[in-house]
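Enquirer: Structure for the following, please:
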Amino acid sequence: MGAVSAFFAAADAGARLWEPPHGLWTAARPPAIYRVRALWRALIVCAAVAAAAVALPLVFGLGLALLYPFVLIAQLVAPATGADMLARYRDWIAVLFSPAILSSLIPRIATAALLTGALVTAGTWLFGAWRRTTRRRTRGAALWDGLGLPLEAGPAG
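Expert: Purely as a prediction, here's the structure:
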């Protein structure tokens, strides 16, 4: 009886699903039912910063590689301007692949981002262990206290 009642209710409300003021399909974006917890958002940001720091020299190197044909054409068309552009191009490559940036700054930024994520996780775990009132021993409790579930249910809409 439940499926039949649901079918009739859906058929009866079918026209209202499309009406502009409160229609289900007319909203600009669907309502958010689950939110990502703050710890997981922080970990995602830390991982994204670390990945961006590692990928940034590759992106700049690819950009410079795509720029090289234009520098070469400029050198063939106007040798004086092309020579100046080639000198600036070499300077950018020297800066990009210098030991001060490539082997020192990039790993420090990536390590700092990952260390921040680890410290946030450890702080959340310590706060969860301090706040926990139950003395019951469970398997995997430290992992659940440290990370928790990635999604939390909130009010829809």
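Enquirer: Any idea how far the helix or strand containing Ala100 is from the middle of the chain?
Expert: Element membership of Ala100, judged by DSSP states H and E, is helix 99-100. Computed by Cα atoms, centre = their mean, to the nearest Å, the chain-centroid distance of helix 99-100 equals 27 Å.
Enquirer: Beyond it, next helix or strand please.
Expert: Counting by DSSP H and E, what follows helix 99-100 is helix 106-131.
Enquirer: Check which helices and strands that next one is in contact with.
Expert: helix 38-77, helix 141-146 (3 or more Cβ pairs under 8 Å, 6 or more residues apart in numbering; DSSP states H and E). Quick note: C-beta positions are derived from backbone N, CA and C, even for glycine.
Enquirer: The longest one versus helix 106-131: what angle between them?
Expert: The reference is to helix 38-77. Interaxial angle of helix 38-77 relative to helix 106-131 (axes from the mean of the first three to the mean of the last three Cα atoms, to 10 degrees): 170 degrees.
Enquirer: Average pLDDT for the helix or strand just after helix 38-77, rounded please.
Expert: Later in the chain than helix 38-77, the nearest helix or strand by DSSP H and E is helix 79-96. For helix 79-96, the mean pLDDT works out to 86.
Enquirer: now what about helix 79-96, what contacts it?
Expert: For helix 79-96, the surrounding residues in contact (Cβ atoms under 8 Å, 6 or more residues apart in numbering) are 57, 60-61, 64, 67-68, 71-72, 74-76, 101-102.
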